[in-house]
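Asks: What would the 3D arrangement of this be:
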Amino acid sequence: MGRPEWKRLLAAASGLLVWAVAGASAAAQEPPPRKFGVETRLVLVDVRVTKDGVPVPGLRREDFTVLEDGVEEPIVHLEEVWAPGVVPPAATPEYVVLPRLLVFVMDELHMRPNQAEEAKRALLAFLDSGAREGDRVAVVSTATGGMAGTQLPDGRASLDAFIRGLKGRYERHRIFENLSEGEALRIVKGDLDTKSAVAQRLLRDGTVFAPRRGGDMQMRAEREAQRLALRVNAETEERSRAALAVVARALEWSSRWRGRKAFALISSGFVYDPALPEFYAIARIAQRANGTVSFLDARRLGEPRGGAEQGAADPLSSLAQGQVDVFAESQGAEVIASESGGFIVRNTNDLQAGLERVAEDVSAYYLIGYEPPGSSPGEKELRRIEVKVGVPGVEVRHRKGY
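Replies: Numbering: from 1, shown residues only. I've put the predicted structure just below:
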């Protein structure tokens with residue numbers, strides 16, 4: 001995508017989240033949150049407990065252990081939460097029913113047109129067969145910052161029209177074909193081995209020609225590799241920051257509702273640069289909002305069978321290097337999923353199954369509250385949380401800190 005178009009989209013996305021809801025007033029239908037003493041400030045952690053993929057009902061306070069920075073903290077609040085229509089007989093008598101809140105972030109800035117078309121088809125199919133009456137559903141565009149949503153079954157026509165209007169906008173310039181985004185970041189960070197390998201590739205592919213007056217070809221190629229890396233990394237960083245800003249604003253918006261919120265980041269992913277403050281901000285906002293962000297990797301969507309997965313073994317070829325960098329290219333999205341307590345779906349064309357798993361993730365969970373030790377939460381340092389369940393063979397997922 002050319003720079004003028006990119007600048008226009010970035011400006012349009014800035015500060016724009018439009019909630020077009022048919023059923024927004026339904027927030028008043030939720031059971032009111034339980035009240036505690038005025039001076040009590042609780043850390044609330046939503047915990048998903050499953051065994052063989054099935055939610056475990058009926059757990060009591062004594063079944064859980066909460067550790068903050070390795071120190072056990074007394075649990076002062078426990079709620080068992082179920083979505084409407086799925087409460088099992090084994091649930092505790094004090095269970096709470098809350099509608100599911102599902103937010104689908106369509107990362108158009110990191111999806112090619114064919115990938116976005118497949119993602120749209122899968123999302124519309126999920127709304128037909130996997131969503132339930134009462135679900136709150138929102139769809140967000142990273143390209144424009146626009147959002148549309150409703151509480152089902154109302155508003156489907158408007159929601160569907162918004163989804164159909166989305167399109168993938170990720171197109172890399174041809175001069176970047178010899179350099180992956182992961183390589184560009186490593187070169188900018190000073191990785192000399194990566195710069196040397198890219199320089200050799202440029203020489204092999206004829207991108208760098210011998211100067212008329214002679215000279216060191218390797219040095220000339222390394223200067224070209226550095227120049228390309230700076231350009232690729234600048235474009236990559238700008239696109240990533242715009243997408244992350246939209247995700248952060250959507251998470252902030254979701255905090256108005258109680259309980260666990262499920263975000264599905266449908267994207268081809270982006271590199272992870274710890275120097276970008278947006279990664280830290282999203283982790284903190286997701287923790288405050290009790291939102292989990294799961295990464296649904298779109299790179300296999302719309303690809304013909306036997307495509308890029310069958311690359312040559314030449315370590316200097318751009319195709320082989322692309323295979324080596326397959327995880328680096330999506331590491332940023334994977335870090336967000338890991339830190340927020342979400343999951344990762346990759347290497348599949350079946351996006352609809354991933355969407356159904358996202359929805360199931362907020363169908364049943366426990367909401368645990370404890371009083372933070374010492375000063376109140378909100379300080380800049382991250383406090384680590386670990387939740388253990390005294391039931392053999394269960395899988396436990398939750399956010400990792402606050």
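
Asks: Pull the contacting residues for Gly182.
Replies: When the contact criterion is CB atoms under 8 Å, 6 or more residues apart in numbering, the partners of Gly182 are Val271, Asp325, Ala328, Glu329, Gln331. Placement of C-beta: from N, CA and C, glycine included.

Asks: and what of Arg300?
Replies: Under the criterion of CB under 8 Å, 6+ apart, the neighbours of Arg300 are Arg346, Asn347, Thr348, Asn349.

Asks: One more pass at 6 Å, please.
Replies: Asn349 (CB atoms under 6 Å, 6 or more residues apart in numbering).

Asks: Let's verify it: helix, strand, or coil?
Replies: Under DSSP: H, G, I helix; E, B strand; the rest coil, Arg300 falls in the coil class.

Asks: In a helix, Phe279, correct?
Replies: Yes. With three-state DSSP as the criterion, Phe279 is located in a helix.

Asks: For it, grab the count of nearby residues.
Replies: By other CB atoms under 10 Å, 19 other residues sit near Phe279.

Asks: okay, who's weakest in the contacts of Gly182 by pLDDT?
Replies: Lowest pLDDT of those: Asp325, 65.

Asks: Which secondary structure state is assigned to the closest residue to Asp160 other than its chain neighbours?
Replies: The shortest distance from Asp160 to any non-neighbouring residue, by CB to CB, 6 or more residues apart in numbering, is to Leu124 (6.4 Å). Three-state call for Leu124 (three-state DSSP): helix.

Asks: how about low-confidence regions in the stretch 251-400 of the chain?
Replies: Low-confidence segments of the stretch 251-400 of the chain (pLDDT under 70): 302-325, 375-381.

Asks: quick one, strands of it?
Replies: For the stretch 251-400 of the chain, the strands defined by DSSP state E, counting those that start in this stretch occupy 261-267, 291-297, 344-345, 364-370, 385-389, 395-397.

Asks: now swap in the stretch 1-150 of the chain and tell me
Replies: 43-51, 54-55, 64-68, 71-73, 75-82, 96-97, 101-106, 136-141, 147-151.

Asks: Please convert those to JSON lines, extending it with mean neighbour count.
Replies: Below are the strands of the stretch 1-150 of the chain laid out as JSON lines (neighbours: other CB atoms under 10 Å):
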{"stretch": "strand 43-51", "mean neighbour count": "20"}
{"stretch": "strand 54-55", "mean neighbour count": "15"}
{"stretch": "strand 64-68", "mean neighbour count": "17"}
{"stretch": "strand 71-73", "mean neighbour count": "12"}
{"stretch": "strand 75-82", "mean neighbour count": "18"}
{"stretch": "strand 96-97", "mean neighbour count": "16"}
{"stretch": "strand 101-106", "mean neighbour count": "24"}
{"stretch": "strand 136-141", "mean neighbour count": "25"}
{"stretch": "strand 147-151", "mean neighbour count": "23"}
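
Asks: can those strands go into TSV with extra columns for distance to Gly354?
Replies: What follows is those, written out as TSV (distance: least, CB to CB, whole Å):
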stretch	distance to Gly354
strand 43-51	16
strand 54-55	18
strand 64-68	28
strand 71-73	34
strand 75-82	22
strand 96-97	25
strand 101-106	11
strand 136-141	15
strand 147-151	20
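
Asks: What residues of stretch 345-364 count as buried?
Replies: Across stretch 345-364, burial judged by 16 or more other CB atoms under 10 Å covers 345-346, 351-352, 354-355, 357-364.

Asks: just to revisit the earlier point, would you mind finding the most buried of the strands of the stretch 251-400 of the chain?
Replies: Ranked by mean neighbour count, these are led by strand 261-267 with a mean of 28 (mean count of other CB atoms under 10 Å).

Asks: Show residues contacting that one.
Replies: Contacts of strand 261-267 from elsewhere in the structure, counted by CB under 6 Å, 6+ apart, are 101-107, 110, 119, 254, 291-296, 298, 333, 358, 361-362.

Asks: Give me the pLDDT for the nearest residue to Arg397 once chain neighbours are set aside.
Replies: Spatial nearest neighbour of Arg397, excluding adjacent residues (CB to CB, 6+ apart): Arg48 at 4.5 Å. pLDDT recorded at Arg48 is 93.

Asks: so Arg48 sits right up against Tyr365, yeah?
Replies: Yes. Using CB atoms under 6 Å, Arg48 makes contact with Tyr365 at a distance of 4.8 Å.

Asks: Which among the strands of the stretch 1-150 of the chain is found nearest to Arg204?
Replies: Minimum separation from Arg204 across the strands of the stretch 1-150 of the chain (CB to CB) falls at strand 101-106, 37.9 Å.

Asks: Would you mind listing the buried residues in the helix or strand containing Val247?
Replies: Here Val247 sits within helix 217-254, counting by DSSP states H and E. Buried residues in helix 217-254, counted by 16+ other CB under 10 Å: 220-222, 224-226, 228-229, 232-233, 235-237, 239-254.

Asks: ok, what's across the strand from Phe104?
Replies: Beta-bridge partners for Phe104, by DSSP bridges, are Val139, Ala264.

Asks: In this structure it contacts Ala138, no?
Replies: No. In this structure Phe104 lies outside contact range of Ala138 using CB under 6 Å: 7.2 Å.

Asks: In PDB, list the C-alpha atoms belonging to stretch 216-229.
Replies: Output of stretch 216-229 as PDB, limited to C-alpha atoms (Å, rounded to 0.1, in the frame of the first residue of the first chain):
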ATOM      1  CA  ASP A 216      33.900  -4.100  -1.800                       C
ATOM      2  CA  MET A 217      30.700  -5.700  -3.100                       C
ATOM      3  CA  GLN A 218      29.800  -7.200   0.300                       C
ATOM      4  CA  MET A 219      30.100  -3.800   2.000                       C
ATOM      5  CA  ARG A 220      28.100  -2.200  -0.700                       C
ATOM      6  CA  ALA A 221      25.400  -4.900  -0.300                       C
ATOM      7  CA  GLU A 222      25.300  -4.400   3.500                       C
ATOM      8  CA  ARG A 223      24.800  -0.700   3.100                       C
ATOM      9  CA  GLU A 224      21.800  -1.500   0.800                       C
ATOM     10  CA  ALA A 225      20.500  -4.000   3.300                       C
ATOM     11  CA  GLN A 226      20.700  -1.400   6.000                       C
ATOM     12  CA  ARG A 227      18.900   1.200   3.800                       C
ATOM     13  CA  LEU A 228      16.100  -1.300   2.900                       C
ATOM     14  CA  ALA A 229      15.800  -2.400   6.500                       C
END
